[in-house]
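A.B. asks: Sequence and predicted structure are below.
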Amino acid sequence: MKADAILFEEISTAGQQRIGVATLNAEKSLNSLTQDMIDLLSPQLADWKADDEIALVFLKGVGEKAFCAGGDIINLHTAMTRQPPGPDNAAEHFFCTEYRLNYTMHTYPKPIVCWGHGIVMGGGLGLMAGSSHRIATEKSRIAMPEIGIGLYPDVGGTWFLPRMPGGSGLFLGLTGASMNAGDALYTGTADYFIESQRLPAVLAQLQEAQWSADVTDNHETLSRILRTLHRECRAAVPPSKIEEHIELINDVTDHATVEDCLAAIEAIDSDDKWLQKSTGTLKTACPISALICFEQYQRGLHLSLKEAFMLEWVMAIQVSRHDNFSEGIRALLIDKDQAPEWEPPSLAATPKALIDAHFTHPEGYEEHPLSDL
């Protein structure tokens with residue numbers, strides 16, 4: 001394990017309490033989430049949870065480009081293509097530990113601040129979504145682009161996408177569209193907007209604040225500090241493209257089948273560059289991923305948080321055992337030909353039984369490894 005994959009620090013405050021700071025430390029890979037990071041962060045969160053003198057946790061990424069650009073899919077590709085499926089497969093282990101970490105963060109009793117600066121995608125959004133106090137900056141670029149690599153919006157997407165305004169969650173899942181800070185605030189992906197240059201001031205104010213051993217009081221104190229900073233920066237919040245186009249988004253996602261949704265999205269005629277880029281991704285999107293995403297979204301409306309992560313684990317294992325996910329990674333990051341060969345190649349050619357298989361408990365596991373969440 002690379003001990004420096006995450007840098008841990010404890011900052012003293014004005015009182016007896018301390019702030020636990022965790023910094024993802026892989027700037028060259030845009031802080032992509034690795035197994036080492038998961039294996040370091042999970043026990044550290046447990047230790048900080050048990051330490052009465054830790055008032056809150058602050059999570060950020062090293063560098064200016066990204067908080068976390070997603071999961072370490074290069075290593076996932078290696079595991080999927082070179083190792084036999086089953087509990088010992090590194091990719092399957094990664095998904096299990098990642099979702100367990102995400103659930104831990106969602107249910108963590110102490111405040112977790114996520115400094116969602118720069119690129120926040122895939123696994124990075126999973127960390128941000130699980131945090132109690134989520135901050136976006138003027139440089140935040142947030143997305144769940146998994147449909148382009150043969151995956152689906154995981155790391156809690158089953159839970160948080162259906163809870164976004166109108167059909168915006170489904171639109172984001174099907175198109176992989178990017179959100180700015182205004183979009184993040186509108187969809188509930190972020191709670192506060194603070195200009196990136198104020199990070200030192202944010203940490204200084206947290207250090208100067210009076211914290212206690214009472215978790216509820218600390219949540220309220222943190223919210224008050226961040227809300228004040230948000231108000232000071234509010235004039236710089238970029239306009240939300242999702243809010244601007246919400247009626248159109250609702251129209252194109254208000255269909256009973258994914259085929260009709262995609263047809264409506266592809267038929268959008270607009271000179272808006274954000275819409276054009278969003279709809280343009282459908283040209284190379286994985287058909288099975290679209291079908292899975294649509295089914296996942298419908299199911300997510302009625303699931304608890306635990307049930308959502310348990311479902312995603314089933315889907316992740318099944319996706320890793322089919323070829324489209326590894327093919328998508330190959331085309332995007334290994335051969336970089338940007339020409340994935342999906343199988344089946346279209347929605348019409350995809351049998352329902354194949355989609356159903358992605359929601360069926362995988363062979364090799366007698367029990368669900370997340371049943372104890």
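C.D. replies: That came through fine.

A.B. asks: who does the longest helix seen in the chain touch, helix- and strand-wise?
C.D. replies: Ranked by residue count and defined by DSSP state H, the top helix of the chain is helix 215-233. Helices and strands touching helix 215-233, by 3 or more CB pairs under 8 Å, 6 or more residues apart in numbering; DSSP states H and E, are strand 54-61, strand 133-136, strand 192-193, helix 199-208. Every C-beta, even on glycine, is put in place using the N, C-alpha and C of the backbone.

A.B. asks: downstream neighbour of it in the secondary structure list?
C.D. replies: helix 241-244 (DSSP states H and E).

A.B. asks: Can you spell out which helices and strands pack onto that next one?
C.D. replies: In terms of contacts (3+ CB pairs under 8 Å, 6+ apart), helix 241-244 is packed against helix 168-175, helix 181-187.

A.B. asks: Can you mark which positions in the helix or strand containing Thr279 are buried?
C.D. replies: Assigned by DSSP H and E, Thr279 belongs to helix 273-280. Using 16 or more other CB atoms under 10 Å as the test for burial, helix 273-280 gives Trp274, Leu275, Ser278, Thr279.

A.B. asks: which stretches of the stretch 51-200 of the chain have low pLDDT?
C.D. replies: For the stretch 51-200 of the chain, no stretch has pLDDT under 70.

A.B. asks: Run through the bridge partners of the closest residue to Leu226 other than its chain neighbours.
C.D. replies: In this structure, Leu226 finds its nearest non-sequential neighbour in Tyr192, 4.7 Å apart by CB to CB, 6 or more residues apart in numbering. Using DSSP bridges, the bridge partners assigned to Tyr192 are Ile135.

A.B. asks: distance of Glu266 from Ala308?
C.D. replies: Distance, Glu266 to Ala308, using CB to CB, to the nearest Å: 29 Å.

A.B. asks: Neighbour count for these two, which is higher?
C.D. replies: Ranked by neighbour count (other CB atoms under 10 Å), Glu266 and Ala308 place Ala308 first, with 26 against 12.

A.B. asks: wait, that one sits on His302?
C.D. replies: No: using CB atoms under 8 Å, Ala308 is not in contact with His302, being 9.9 Å away.

A.B. asks: hmm, back to that, pick the most deeply packed of the helices and strands packed on helix 215-233.
C.D. replies: strand 133-136 (a mean of 28; mean count of other CB atoms under 10 Å).

A.B. asks: which residues sit against it?
C.D. replies: Residues outside strand 133-136 that contact it (CB atoms under 8 Å, 6 or more residues apart in numbering): 111-117, 128, 142, 180-181, 184-185, 189-194, 202, 222-223, 226.

A.B. asks: picking that back up, give me the distance between the longest helix of the chain and the centre of its chain.
C.D. replies: Centroid displacement of helix 215-233 relative to its chain, using CA atoms, centre = their mean, to the nearest Å, is 23 Å.

A.B. asks: which of the residues in that helix are buried?
C.D. replies: Going by neighbour count (16+ other CB under 10 Å), the buried part of helix 215-233 is Asn218, His219, Thr221, Leu222, Ser223, Ile225, Leu226, Leu229, His230, Cys233.

A.B. asks: Report the contact partners of Gly169.
C.D. replies: Phe160, Leu161, Pro162, Arg163, Thr187, Tyr297.

A.B. asks: Measure how buried Ile19 is and give me the count.
C.D. replies: Around Ile19 there are 22 other residues, counting by other CB under 10 Å.

A.B. asks: One more: Arg234?
C.D. replies: Residues near Arg234, counting by other CB under 10 Å, number 12.

A.B. asks: How about it, nearest residue that isn't a chain neighbour?
C.D. replies: Nearest one to Arg234, counting by CB to CB, 6+ apart, is Phe193 at 6.7 Å.

A.B. asks: so the nearest residue to Lys60 once chain neighbours are set aside bridges to which residues?
C.D. replies: Leaving aside its chain neighbours, Lys60 sits nearest to Trp115 (3.9 Å; criterion: CB to CB, 6+ apart). Taking DSSP bridges, one finds Ile135 as the beta-bridge partners of Trp115.

A.B. asks: Okay then, goodbye and thanks.
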